[in-house]
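Undergrad: Below are the sequence and a predicted model; questions follow.
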Amino acid sequence: MGVRIVSTGSYLPDRVLTNFDLESMVETSDQWITTRTGIKERRISKGETTSDMATEAAVRALGDVSPENLELIVVATATPDSFFPSTACKVQSKIGNRGAVAFDVSAACTGFIYALYVADSIMRSKGVSRALVIGAERLSKIVDWSDRTTCILFGDGAGAVYLETSEDEGILGFDLGADGSYGELLAVPSVGSNEEFPYYIRMKGNEVFKVAVRTMVESALRVLEKVGMKPEDVSLLIPHQANLRIIKAVSERLGINQEKVFVNLDRYGNTSAASIPVALDEALRSGKLKRGDVALLVAFGGGFTWGSCVIKV
């Protein structure tokens, strides 16, 4: 028995915050941001909560599938509406499901791949046949808009995939890991810490870059080896959308041509756990990724966490 991604959906808020808008907020410029990150604009919630965006993405992913048939809902997020109930439980209520197993996963920008792994494992071992996995973030709520080094990077959004068990393998394999010794490089303190509110994203960019590229490349190569593939077998690389220089460095070290790399970072910025499912949805809907193709998903995030996954769509 295998697990396959049946359908996808995504949601991005209507409000667009451009680099030119940021020029009036902090000491920066469109050229500076574009050169260093590849980002031109990002979407900012106009009041939509994380669960609101996750719900919209879920509804789009489900299409004609009845929410009542879902047996499992997993939401990856670092910006939940509340500590409890979970964002997954809120989505469950909003889409009209009762009884499905529902919980959140927190692994920062690697969250979606972690959540997909959890759902895949449960479906293979526990007899669950229909699941929803969502990555959703409202990062604008934890951005320090006076910090020119971080406020230029992040945006809001959500992406979702609907999974079913299948005789054919759709999700081919995973590689996951973490190293908490890098925690201080990218972090947001919270109520369990000794730090005072407000809680904002803190990042040491240069150090993050070095570790991110290395861990993403190593993880990607490991998962390809596990499934008996090489980089040239990949139809499309869908990396976490954090920084264009990171994306280019990863693809170059893997030997994957830029034409086979999906990038929407310029339009959305870094949406953390939402970035890969949003990119996957757009790749499928745009025809960049076609049914039967092989996609390599790879991410890194605060923790540090990292993960990769090979899927046949």
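TA: Everything's here; your move. Given the structure is predicted, the values throughout are model-derived calculations rather than measurements. Numbering: from 1, shown residues only.
Undergrad: and stretch 283-294, which residues are buried?
TA: Burial within stretch 283-294, assessed by neighbour count using 16 or more other CB atoms under 10 Å, is assigned to 283, 284, 288, 289, 294. In short, each C-beta sits where N, CA and C put it, glycine included.
Undergrad: which residues in the stretch 101-250 of the chain form strands?
TA: For the stretch 101-250 of the chain, the strands defined by DSSP state E, counting those that start in this stretch cover 101-105, 130-138, 156-166, 171-178, 186-187, 202-203, 236-239.
Undergrad: and the second one, what other elements does it pack with?
TA: This points to strand 130-138. When contacts are defined as 3 or more CB pairs under 8 Å, 6 or more residues apart in numbering; DSSP states H and E, strand 130-138 packs onto helix 50-62, strand 72-76, helix 87-95, helix 111-126, strand 156-166, helix 275-286.
Undergrad: what lines up beside that strand in the sheet?
TA: On the basis of DSSP bridges, the sheet neighbours of strand 130-138 come out as strand 72-76 (parallel), strand 156-166 (antiparallel).
Undergrad: one step back: which one of the helices and strands packed on strand 130-138 lies nearest to residue 313?
TA: Each of the helices and strands packed on strand 130-138 was scored for nearness to residue 313 using CB to CB, and the closest is helix 275-286 (6.7 Å).
Undergrad: from the chain's centre, how far out does that closest one sit?
TA: Computed by CA atoms, centre = their mean, to the nearest Å, the separation of helix 275-286 from the middle of its chain amounts to 10 Å.
Undergrad: can you check stretch 95-109 too?
TA: Relative to the mean C-alpha coordinate of its chain, stretch 95-109 is positioned 15 Å out (CA atoms, centre = their mean).
Undergrad: May I see the buried residues of it?
TA: Taking 16+ other CB under 10 Å as the neighbour-count basis, stretch 95-109 is seen to contain the buried residues 95, 97, 100, 101, 102, 104, 105, 106, 107, 108, 109.
Undergrad: start to end distance for that stretch?
TA: The first and last residues of stretch 95-109 sit 25 Å apart, counting by CA to CA, to the nearest Å.
Undergrad: tell me the mean pLDDT for it?
TA: Here stretch 95-109 scores 98 as its mean pLDDT.
Undergrad: What of stretch 147-164?
TA: 97.
Undergrad: Flag the shaky bits of the protein, pLDDT-wise.
TA: For the chain, the stretches with pLDDT under 70 are 191.
Undergrad: Spatially nearest residue to residue 95 (excluding sequence neighbours)?
TA: In space, and not counting its chain neighbours, residue 95 is closest to residue 67: 4.2 Å by CB to CB, 6 or more residues apart in numbering.
Undergrad: repeat for residue 59
TA: Excluding its sequence neighbours, the residue lying closest to residue 59 (CB to CB, 6+ apart) is residue 95, at 6.4 Å.
Undergrad: got the contact list for the one you found?
TA: Contact criterion CB atoms under 8 Å, 6 or more residues apart in numbering gives 55, 58, 59, 62, 67 as the residues in contact with residue 95.
Undergrad: ok, now with 7 Å
TA: The neighbours of residue 95, taking CB atoms under 7 Å, 6 or more residues apart in numbering as the test, are 55, 58, 59, 67.
Undergrad: Just give me the closest of those to residue 19.
TA: Sorting the contacts of residue 95 by how near they are to residue 19, with CB to CB, puts residue 55 at the top with 29.9 Å.
Undergrad: Would you confirm that that closest one contacts residue 94?
TA: Yes - applying CB atoms under 7 Å, one finds residue 55 in contact with residue 94, separated by 4.4 Å.
Undergrad: of the two, who's got more company?
TA: Neighbour totals were compared for residue 55 and residue 94, and residue 55 leads with 24 against 16 (other CB atoms under 10 Å).
Undergrad: possible to save the strands paired with strand 130-138 as TSV with mean neighbour count and distance to residue 133?
TA: What follows is those, written out as TSV (neighbours: other CB atoms under 10 Å; distance: least, CB to CB, whole Å):
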stretch	mean neighbour count	distance to residue 133
strand 72-76	28	5
strand 156-166	26	5
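Undergrad: Nearest to residue 208, out of these?
TA: strand 72-76 (19.5 Å).
Undergrad: Done for today, thanks.
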